[in-house]
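> Generate coordinates for the sequence data below:
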Amino acid sequence: MAAAATGEAAVPGPSASQTTQTVRAAGAGASPRSAQGPQSGQSAPAPQSAPAPQSAQDEQSGTRNKVARSLLDHGPSTAAELALRLELTQAAVRRHLDALTGEGVVEARAKRVYGSRGRGRPAKVFALTDCGRDAFDQAYDELAADALRWIAQQAGGGEVGEAAIAAFARARVEAQAEKYHAALAGVPPKDRARALARALSEDGYAATAREAPAQAGEQLCQHHCPVAHTAEQFPQLCEAETEVFSRLLGTHVQRLATIAHGDGVCTTFVPGAQPKSAAQKHPPRPQAQGSPQTSAPPTTAISPKTSKTSKTSSTATHANEAGRNPA
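Predicted coordinates for the structure are as follows:
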């Protein structure tokens with residue numbers, strides 16, 4: 001069979017009618033030479049792989065980023081202004097604006113008109129939301145670190161400054177803990193770690209609680225930390241959080257790992273409640289090393305005064321018996 005405009009070689013020796021049918025089946029653009037087999041002494045050319053085109057999804061995402069960046073650089077803009085700026089059609093720009101609006105990155109609002117407004121409906125402009133702005137570079141972490149350094153300097157620096165930062169960290173976490181207290185109210189101790197994980201997830205920590213491997217207890221895992229970059233410089237933030245966890249859960253907890261120190265997850269070990277056995281409630285009396293495990297009758301301690309009185313009584317008895325008449 002002859003190949004149909006795909007670069008494949010046909011088997012030599014087709015009839016004229018077969019060649020004609022093959023060219024017709026190939027459609028427009030197929031040359032008669034491609035329908036014929038290779039000439040004698042020539043080998044069929046090897047098919048070449050076409051370069052992989054860029055995926056449509058990546059291209060769409062790149063264009064949407066350009067639209068959002070243009071709104072960041074130039075402020076609220078109409079679809080016509082964006083189309084002219086990015087050299088796109090207005091229909092394409094509106095399609096990307098609809099997608100960005102659905103993601104909460106862009107919002108539509110009425111264009112502000114200064115002076116007298118003409119007839120007709122006011123033009124609609126598109127602007128970035130707070131969520132859309134957060135997707136670009138921010139300096140919140142640097143601002144927080146500068147504020148904590150200023151607190152330490154105002155307190156006098158050194159150990160006094162470190163204590164001032166710790167006091168701020170405790171006050172900050174205490175404000176958050178008020179909501180966690182309500183979430184844990186009435187929860188049994190064995191379920192408190194999971195209830196705290198749900199409360200933390202509502203604040204963006206993406207927390208979970210799971211059974212600790214090879215240990216009697218649970219692991220409270222925070223897969224995200226909003227203050228991780230600042231906590232790298234000020235570990236008092238992590239220490240204050242651990243103190244609050246201990247108080248909320250009603251037991252001593254141990255911080256095993258933190259995102260601020262380069263770990264993938266902030267992990268806190270929460271020991272489980274272990275009921276005391278009878279042996280733990282009444283431990284056996286310790287014995288000297290090498291002594292046999294036998295029970296000895298209880299002995300009564302004799303005070304020196306009692307011993308002296310007993311000795312005096314014994315002497316008087318012997319004296320009476322010595323002076324008694326045998327008859």
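> how about the helices of the protein, start to end?
In the chain, helices defined by DSSP state H lie at 16-26, 32-35, 56-74, 79-86, 90-102, 130-134, 140-155, 158-184, 192-202, 228-233, 236-249, 278-281, 304-323, listed in chain order.
> would you turn those helices into a markdown table with mean neighbour count and mean pLDDT?
Quick note: C-beta positions are derived from backbone N, CA and C, even for glycine. Compiled in a markdown table, these are given as follows (neighbours: other C-beta atoms under 10 Å; pLDDT from 0 to 100):
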| stretch | mean neighbour count | mean pLDDT |
| --- | --- | --- |
| helix 16-26 | 14 | 44 |
| helix 32-35 | 15 | 43 |
| helix 56-74 | 14 | 85 |
| helix 79-86 | 17 | 93 |
| helix 90-102 | 16 | 93 |
| helix 130-134 | 13 | 87 |
| helix 140-155 | 14 | 94 |
| helix 158-184 | 15 | 93 |
| helix 192-202 | 19 | 95 |
| helix 228-233 | 18 | 94 |
| helix 236-249 | 20 | 95 |
| helix 278-281 | 8 | 44 |
| helix 304-323 | 9 | 46 |
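> Distance to Asp263 for those helices - can I get that in TSV?
Rendered in TSV, the data for these read as follows (distance: least, C-beta to C-beta, whole Å):
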stretch	distance to Asp263
helix 16-26	62
helix 32-35	62
helix 56-74	31
helix 79-86	42
helix 90-102	35
helix 130-134	25
helix 140-155	18
helix 158-184	19
helix 192-202	17
helix 228-233	10
helix 236-249	11
helix 278-281	35
helix 304-323	65
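> which one of those helices lies closest to Lys124?
Each of the helices of the chain was scored for nearness to Lys124 using C-beta to C-beta, and the closest is helix 79-86 (7.9 Å).
> Who are the packing partners of the closest one?
Helix 79-86 is packed against helix 56-74, helix 90-102, strand 124-128, with contacts defined by 3 or more C-beta pairs under 8 Å, 6 or more residues apart in numbering; DSSP states H and E.
> run the last query once more with 7 Å
For helix 79-86, the elements it packs on are helix 56-74, helix 90-102, judged by 3 or more C-beta pairs under 7 Å, 6 or more residues apart in numbering; DSSP states H and E.
> CA atoms only: put that helix into CSV for me.
As requested, C-alpha coordinates have been extracted for helix 79-86 and formatted as CSV (Å, rounded to 0.1, in the frame of the first residue of the first chain):
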residue,chain,number,x,y,z
ALA,A,79,-10.4,45.0,28.4
ALA,A,80,-9.6,47.3,25.5
GLU,A,81,-6.7,48.8,27.2
LEU,A,82,-5.3,45.4,28.2
ALA,A,83,-5.8,44.1,24.6
LEU,A,84,-3.9,47.1,23.2
ARG,A,85,-1.1,46.8,25.8
LEU,A,86,-0.6,43.0,25.4
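> if we can go back for a sec, Ala123 is nearest to which of the helices of the chain?
Of all the helices of the chain, the one in closest proximity to Ala123, counting by C-beta to C-beta, is helix 79-86 (8.4 Å).
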